[in-house]
Structures are given as C-alpha cells and as structure tokens.
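Turn this into a structure:
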Amino acid sequence: MLLVCCFHVFISEGKVFVDISKGYLVIQDYAYHIILVKAFWFDGFGNIYDLCFQQRALSAYLGSQIKTVMVIGITPISLVLWLPFAYVARFSMAVSYTLWTVFSVGVLFAALWSVCQNVLQRKNRPILPITLCLVTIFSAPAYTAIYLGQTSILATGLLVYLIHIVHKSDNELRTVDGLLVTILIFALGMKPPYIALGFGLLIIYGMWRETLHSVAIVSVFLIGITPLLTWEWVPSYLHLLQMYSPGKMPDVYAWALVFEDMNIFRSAFRGFIGDNVAYLISNLVIYGVYLGIVGGSVLYTIKGKSADQLSPLSGREDQLFVLLVASYLLFAPYAGSYEDVLFLSVFVMLLHVDDTLPLTSYKRAPLPFFLFVILFHRDIPPDTPFWLYWILKAAILGYMLKLCRFAPETCPNQQ
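Down below sits the predicted model:
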C-alpha cells in the first residue's frame, strides 16, 4: 500500500494526461479511452465508435472544441472493465490511472506467481525461460505499456494465467474451473487480438466446453449492450478497424499512428515493397496461420484426433500456440511496441514444456542479449536498419518454436 501511495504521489505531481497548451493535442492513451468510457456511462452520448461522439467527449472534458481524435480498437467489453475506473476518473484522473496500473500489474504478477509456484518445485529449473521472462518484465515495452496505461499488461497477465490453467488441468485430467476460464476469456475480449489468442489456446487444447461457454457469454453481452450503444456500433467499429488499412486514414485520426515505433513486418519492409503490399502480406500470414491452426484443430477433433497429429505442421499443442503468438507479434497490421510484452506468454509456455533448458549452452546464452536488443530498439541509434530488429525478433520466436517441439521426456539436454 505504501508503494501504491508513493506511485500515486509521483503520478499526481509529474504526469500530464492531457495538454493542449502548445496549440496541439497531447493525450495519454489511457486518459483518452477513459474520457470516452466516462462519457458513455455518465453523459449518455451513445455510440462510442462514432467520430462525433469522440469529438464531443474530448471537447466536453477539455472545455474547448476538439477535432482530432485517436482510433480506438477496444471492444464494448472494455466499457464494462473500465466502468469503475471511469467512475473514479470523474473526480481524479490520477487516482483512476493509479488504480488501473495497480490492477493490471497485479494481475500480471499474480499470474506469473502462480506459474512460478509450479516451476520452482521442479528439481531441474528452466533457467533460460525464467531469464527471458525477467528481461521482458523489465523492458522498455513493459515500461511504455504501464506509462501509457495500455491494455497489453492486463491482457498478458490474463493469457499467462490461462496458459497456467490449461497445463494444470491437463495434468489433472481436465479438472478445470470453467467459470474462471470464461471470466478470463471475457476480459481478454477487451481487444480482438487478445480474445482470438485466448480462444485459440482453448481450441488447440481441445477445451470445447469452456470455448462454447465463453462464446455464449460474450455473444449475450454484446447483444445486451447494443441498445445502449445503438445498433450503429457494429458498422462504426468495423469502419474504425479499417482505418489501419493503407490510404484509409482521415486527417483527424492520422496524427495518432506512428508506424516507425512498431517492430512488425509492415513497418520493417514497407520502405522496400510498399505499404499496400506489406499490409496485404501481413494479413495473409496472420489470418492464414490462425485459420489454419484453429480450423485444423476443429477438423482433427471431429475426426477424433489430437492437435499433436496436425499436418503439415506436425506440432505439439504448445508449439501451435507459440506459432499463433509469433504470427501476431511479427505480422500484426498495426501493433505498438508495447504489444511485445506478449513475449511473456511464449516464455511461460516454454516453462511448461521442459525443465532442463540450460542457459550456458553456446546456442542459448546470447538469447537474453538479443531479446534485450529487440525490446530496447527504440533506444538504439536510429540509423540502424529497422528490418534488422524484425529479423532478430523472428529468429528468437522461431527458436522458441523449435524448443517447443520437444516433449519433456525427449528434449535434448546436451545442446
């Protein structure tokens, strides 16, 4: 509690959430979203995805006419998750931000602690994944996500805990808490990529009952909140998502997108092949991988086979999920550097695969350093070719994919 109080004092004295004093709008991501959520619940503006709603909410908060706004990718589920924080923001944005940060970081560390309780009980402890986790936790993306109040911290914690539940239930003959899984999936629904990864994890591991329950709960919620949002929210939301397409960004939104800050395929290679082609390749890869893995899992379940028999991947369940996360981190059409916190889900999955991965191997010892370079690429001299960071990121994720190929009893300890 003392640490939380000190953090709040620091935030109250030094953090500027909204500033228009220099003639242009500077606003923190969390503050922007909370202003919109607060306007929805307490000012009754209606469709949060409508441009007029966003301009009215910002103008009412700042007391002056505001035209430029940011694209919002959050789903209506975020309106419920942020409701208590929006209520607090009516009195103090600093207190609201403090509570959100404590909540997000608390969920992440609680999830990691649950994983560590099992991992540290082993005779041979997986030093490599633990080291990679620590590098990610104390990285620039994690700091940026916390500073901006991004959802990636909470989403990573929810995904890590879901991985823990899946492996724990797998070892205990599927004695899984269905309600808890449904809550985790519902919360991951704050953004489409997060809930897609959550559903992908459940489907890969054949947890169909929990998947169907989660789909039902999310569907009922979206139907129930539609009268409040008005029926126009669906086309409005889809229109906003299309803003990330090349040539589709109006001036009122364009100022908030900085592709140079994203270590993704589109940012790395758009200068060579053009933004249109890079965007097309990104979509083809990410949707192809997801539909291939999830669709293959469904097909092989219908045939009475397991995900271990998927062809042509011939991958383990762990490996297939790592491939899903890797495709998102590498080929998302739009993903800020703070999304790299999801590296933690890959390393946590690796923690469950094997307990004898030595860090001292000549092949593995450089991995923490290379990961450090990737996660701190914004602080490295800007004249370094940006595509090098993407290739290095792809190489590390590819090596994690290779390590996940080996079952615990067959992983080669001599490497």
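
Please verify my assumption that residue 73 contacts residue 191.
Yes. Judged on Cβ atoms under 8 Å, residue 73 makes contact with residue 191 at a distance of 5.6 Å. In short, each C-beta sits where N, CA and C put it, glycine included.

residue nearest the centroid of the chain?
By Cα atoms, centre = their mean, the chain has its centre lying nearest to residue 152, at 4.3 Å.

so it makes contact with residue 145?
Yes. Under the criterion of Cβ under 8 Å, residue 152 makes contact with residue 145 at 4.8 Å.

so what sits against both of those two?
Listed as contacting both residue 152 and residue 145 by Cβ atoms under 8 Å, 6 or more residues apart in numbering are 338, 341.

now the strands: where do they sit in the chain?
With DSSP state E, the ranges of strands along the chain come out as 18-19, 26-27.

among those, which gets the worst mean confidence?
For these, mean pLDDT drops lowest on strand 18-19, to a mean of 78.

Give me the distance between that one and the centre of its chain.
Remark: strand 18-19 is offset 26 Å from the chain centroid, using Cα atoms, centre = their mean, to the nearest Å.

Strand partners (parallel or antiparallel) of that strand?
Its sheet considered, strand 18-19 pairs with strand 26-27 (antiparallel) by DSSP bridges.

Need the contact partners of the strand it pairs with.
By Cβ under 8 Å, 6+ apart, strand 26-27 touches 16, 17, 18, 19, 20, 58, 70.

Off-centre distance for it?
22 Å.

And for stretch 245-265?
The chain centroid and the centroid of stretch 245-265 are separated by 18 Å under Cα atoms, centre = their mean.

do you know which of the strands of the chain lies nearest residue 294?
strand 26-27 (36.5 Å; Cβ to Cβ).

just for the stretch 1-150 of the chain, where's the confidence low?
Along the stretch 1-150 of the chain, segments meeting pLDDT under 70 span 14, 21-23, 122-125.

Now do the contacts for the residue nearest to the centre of the chain.
Counted by Cβ under 8 Å, 6+ apart, residue 152 has contacts 141, 145, 338, 339, 341, 342.

separation between the last one and residue 115?
If you measure residue 342 against residue 115 using Cβ to Cβ, to the nearest Å, the figure is 15 Å.

cool, and the fourth one?
With distances taken as Cβ to Cβ, residue 339 is found 21 Å from residue 115.

What of residue 46?
Applying Cβ to Cβ to residue 46 and residue 115 gives a distance of 42 Å.

of the two, who's got more company?
residue 115 (23 against 17; other Cβ atoms under 10 Å).

For the more buried one, which non-adjacent residue is spatially closest?
Spatially, and ignoring its direct neighbours in sequence, residue 115 is nearest to residue 164 (5.1 Å; Cβ to Cβ, 6 or more residues apart in numbering).

Surely the one you found and residue 117 touch.
No. Residue 164 lies out of contact with residue 117 (Cβ under 8 Å); the separation is 9.3 Å.

between the two, which one's more packed in?
Neighbour tally, residue 164 and residue 117, criterion other Cβ under 10 Å: the higher count belongs to residue 164, 22 against 10.

Would you mind listing the residues in contact with the more buried one?
Residues near residue 164 by Cβ under 8 Å, 6+ apart: 111, 114, 115, 118, 348.

Go again with 10 Å.
Counting by Cβ atoms under 10 Å, 6 or more residues apart in numbering, residue 164 makes contact with 111, 112, 113, 114, 115, 116, 117, 118, 119, 348, 351, 352.

Residue 346 too?
Per Cβ under 10 Å, 6+ apart, neighbours of residue 346: 129, 132-133, 136, 163, 318, 321-326, 329, 396-397, 400-401, 403-404.
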